[in-house]
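S.K.: Next come a sequence and a model predicted from it.
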Amino acid sequence: MRDKQALTTGEVAKYCGVNFRTVIRWIERGHLDAYKLPGRGDNRIPVNSFINFLQDNNMPVPEDLALGGRTLVLLAQDGDPTAEIASFVRRVGWEPLITTDPIQFGFLLAQHQPGAVAVSSAAQAVSVSRLIRDADREVLTVMLSGSGQNAGAPEGWYAYQWPADQAALSDALSGDAAA
């Protein structure tokens, strides 16, 4: 997962396979957003702006810069089998981030921009739908309910019973699920 919020012109040049002077020209011509550091005046390119630039120009986004591609944020409730779910999510190649605090959940969504979110109730799903509605990318939305509970997931959400539907959840996380 990426830790940087901004890149140097040299780093951008390396990702794009060009000279750093080309990156400076992109900045000067307004093709690439950047800001200057006080003092020496070196340019810094926000990672989000660089990713947008790559996407706008049909260039691949390096895996180490992609936000949340394989991160799942779970808003759990007390009593949910969070350790089991986290272990399962890791086994299928995703990084789980789990919280029971809705405010912390919102922070995790904003900071990590995950590839998937999971909740354990329909009420949570409705609230989370509002949070991710304006996301400019696809987010897999999953509702995990306990065995024997009525799923009742909102439209656009995958609903699975935990632990009975582990295979189906694995398929969804692998991109093999039928909508």
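M.R.: Everything's here; your move.

S.K.: Would you enumerate the residues in contact with the spatially most central residue of the chain?
M.R.: Nearest residue to the geometric centre of the chain (Cα atoms, centre = their mean): Pro114, 1.9 Å. Contact analysis of Pro114 by Cβ atoms under 8 Å, 6 or more residues apart in numbering lists 68, 71-73, 97, 108, 139. Bear in mind the C-beta positions are built from the backbone N, C-alpha and C, glycine included.

S.K.: Also Ser145?
M.R.: 120-121, 151, 159-162.

S.K.: Which positions in whichever helix or strand it is part of come out as buried?
M.R.: Ser145 belongs to strand 140-146 when assigned by DSSP states H and E. For strand 140-146, burial by neighbour count (16 or more other Cβ atoms under 10 Å) applies to 140-145.

S.K.: still on that earlier bit, out of the contacts of Ser145, name the ones that lie in strands.
M.R.: 159-162 (DSSP state E).

S.K.: What is the nearest of the residues you listed to Ile85?
M.R.: Of all the ones in strands among the contacts of Ser145, Trp162 has the smallest distance to Ile85: 6.7 Å, by Cβ to Cβ.

S.K.: any idea how far that closest one is from Arg70?
M.R.: 20 Å (Cβ to Cβ, to the nearest Å).

S.K.: What of Ala168?
M.R.: From Ala168 to Arg70 the distance is 18 Å (Cβ to Cβ).

S.K.: And Asn52, how far from Ile45?
M.R.: In terms of Cβ to Cβ, Asn52 sits 11 Å off from Ile45.

S.K.: tell me which element Arg90 falls in.
M.R.: helix 82-91.

S.K.: who does that helix touch, helix- and strand-wise?
M.R.: strand 71-75, strand 95-99, helix 166-174 (3 or more Cβ pairs under 8 Å, 6 or more residues apart in numbering; DSSP states H and E).

S.K.: where in this protein is pLDDT low?
M.R.: The model of the chain has pLDDT under 70 over residues 1-4, 66-69, 134-137, 147-151, 176-179.

S.K.: In it, mark out all the helices, start to finish.
M.R.: 9-16, 20-28, 47-56, 82-91, 102-112, 122-132, 166-174 (DSSP state H).

S.K.: and the shortest one with helix 20-28, angle?
M.R.: Spelled out, that is helix 9-16. With axes from the mean of the first three to the mean of the last three Cα atoms, to 10 degrees as the basis, helix 9-16 and helix 20-28 are set at 100 degrees to each other.
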